[in-house]
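J.: what's the 3D shape of this:
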Amino acid sequence: MESYLAQWVAEAPVLAGSAAVVLLMVAIAALLGFRTEARLDDAALAQLAAAEGARIEAAVIAPNGRHALARLSGGKLMVARVMGNDVSARVAPVNGVQVRVTKGKLSARFADLGFPPLEMPLQAPPPWLAELAGEPK
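T.: Just a heads-up that it's a prediction; the model follows:
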């Protein structure tokens, strides 16, 4: 037992130094802004749509700004989600996306499995989204 205690006391300064250096690196990263997160808003969605050569006709954005579903010109839908400090978007034809609105939640699933489904809270769906989900008017 004494040998373990003596070994720990001998290596304690190295452990403390390593912990101090790690904390210093974390502090520098925070000061440089590496903890920033992207947010979705109308302007960000318009920029994503423009990159696809389309314009936004209507959109819903999650209250936390991390998920969005937009109807684009040309009969397409765009799903966008924040992933770290960047935004991932997927554009597909309307018939390639299954949209459902149930119990205050919007769900959008793609016909292919290459992009995870969108699940986001939604209090009251706008008329275009209710129509897309197949709900009666």
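J.: rest of the way, CA atoms for contacts and neighbours
T.: Fine.
J.: centre of the chain versus the one helix or strand E131 maps to, how much separation?
T.: Using DSSP states H and E, E131 falls within helix 127-132. Distance of helix 127-132 from the chain centroid (C-alpha atoms, centre = their mean, to the nearest Å) equals 23 Å.
J.: can you pull the pLDDT of the spatially most central residue of the chain?
T.: For the chain, V82 is the residue whose C-alpha lies nearest the centre (C-alpha atoms, centre = their mean; 2.4 Å). We have a pLDDT of 90 for V82.
J.: Grab the nearest non-local neighbour of it.
T.: R66 (4.9 Å; C-alpha to C-alpha, 6 or more residues apart in numbering).
J.: Retrieve the pLDDT associated with that neighbour.
T.: The model's pLDDT for R66 equals 91.
J.: Can you pull the domain assignment for the protein?
T.: Listed domain ranges for the chain are 1-35, 42-132 (source: automatic domain parsing).
J.: Could you say which of the ones you listed is packed most deeply?
T.: The highest mean neighbour count among the domains of the chain, using mean count of other C-alpha atoms under 10 Å, belongs to domain 42-132: a mean of 16.
J.: how much distance is there from that domain to the middle of the chain?
T.: 11 Å.
J.: circling back: how much space between the residue nearest to the centre of the chain and I28?
T.: 24 Å (C-alpha to C-alpha, to the nearest Å).
J.: Over to A80?
T.: 31 Å.
J.: Going along the chain, name the helices of this structure.
T.: Along the chain, the segments classed as helices by DSSP state H run 2-32, 42-51, 127-132.
J.: Kindly reformat those as JSON lines containing mean pLDDT and distance to M120.
T.: As requested, the helices of the chain are exported to JSON lines (pLDDT from 0 to 100; distance: least, C-alpha to C-alpha, whole Å):
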{"stretch": "helix 2-32", "mean pLDDT": "88", "distance to M120": "29"}
{"stretch": "helix 42-51", "mean pLDDT": "93", "distance to M120": "16"}
{"stretch": "helix 127-132", "mean pLDDT": "86", "distance to M120": "13"}
